[in-house]
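Q: Using only what follows, build the 3D model:
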Amino acid sequence: MPKNAVIDASVLVSAFLFPESIPAQIMDLGNRGICTLHVSEILLEEVRRALQKPKLIRSYAYDAQGAEAWVLSLRDRLFVIERPLPDIQSDCRDPDDDHVLAAALVAGAPVIITGDADLLSLKTFQDIVILNPREYLARLDAFSA
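A: Here you go, the predicted structure:
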């Protein structure tokens, strides 16, 4: 299993909200250099917007300023794609998710890690495998064994 992946906003939000979760474990593997996790500016902004939603803050009782600091720290822990993302056409049910696919193309990442059902329904895009966090971790463990 290639260790180079684009990590979607849904996975990053889960990693923040649930520090013992599989998404958080994947972040830890990235922090330790076991895998290389890429994001785009668009994905970082999606994470920022999600974690600043008052309903989410109330539901999970976290500090908005702490969440903002965490999002800023992602720049030091993930590979941020600096190049502009190309406009692409895909068969994704939600065209607003095409930027995730474009990020994987630009990063040369053979894997996208996401919890987004619209992306997961594709299974692959131009030889890029689309996996949920549990699948990615299981395949990474099998590859590393």
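
Q: max-length helix in this protein?
A: helix 64-77 (DSSP state H).

Q: Pull the residues that contact the helix or strand just after it.
A: Beyond helix 64-77 in the direction of the C-terminus, DSSP states H and E gives the next helix or strand as strand 79-80. With contact meaning CB atoms under 8 Å, 6 or more residues apart in numbering, strand 79-80 is reached by 36-41, 44, 107. Glycine gets a C-beta too; all of them are placed from N, C-alpha and C.

Q: ok, 6 Å please
A: Strand 79-80 has contacts (CB atoms under 6 Å, 6 or more residues apart in numbering) with 38-39.

Q: Tell me which strands it pairs with, and in which orientation.
A: Strand 79-80 pairs in its sheet with strand 36-39 (parallel), by DSSP bridges.

Q: and the angle for the next helix-or-strand element following the partner strand with helix 64-77?
A: Going down the chain from strand 36-39, the next helix or strand is helix 41-51, by DSSP H and E. Interaxial angle of helix 41-51 relative to helix 64-77 (axes from the mean of the first three to the mean of the last three CA atoms, to 10 degrees): 160 degrees.

Q: ok, the closest residue to F16 other than its chain neighbours to A15 distance?
A: Excluding the flanking residues, the one nearest F16 by CB to CB, 6 or more residues apart in numbering is W70, at 5.7 Å. Per CB to CB, to the nearest Å, W70 is found 9 Å from A15.
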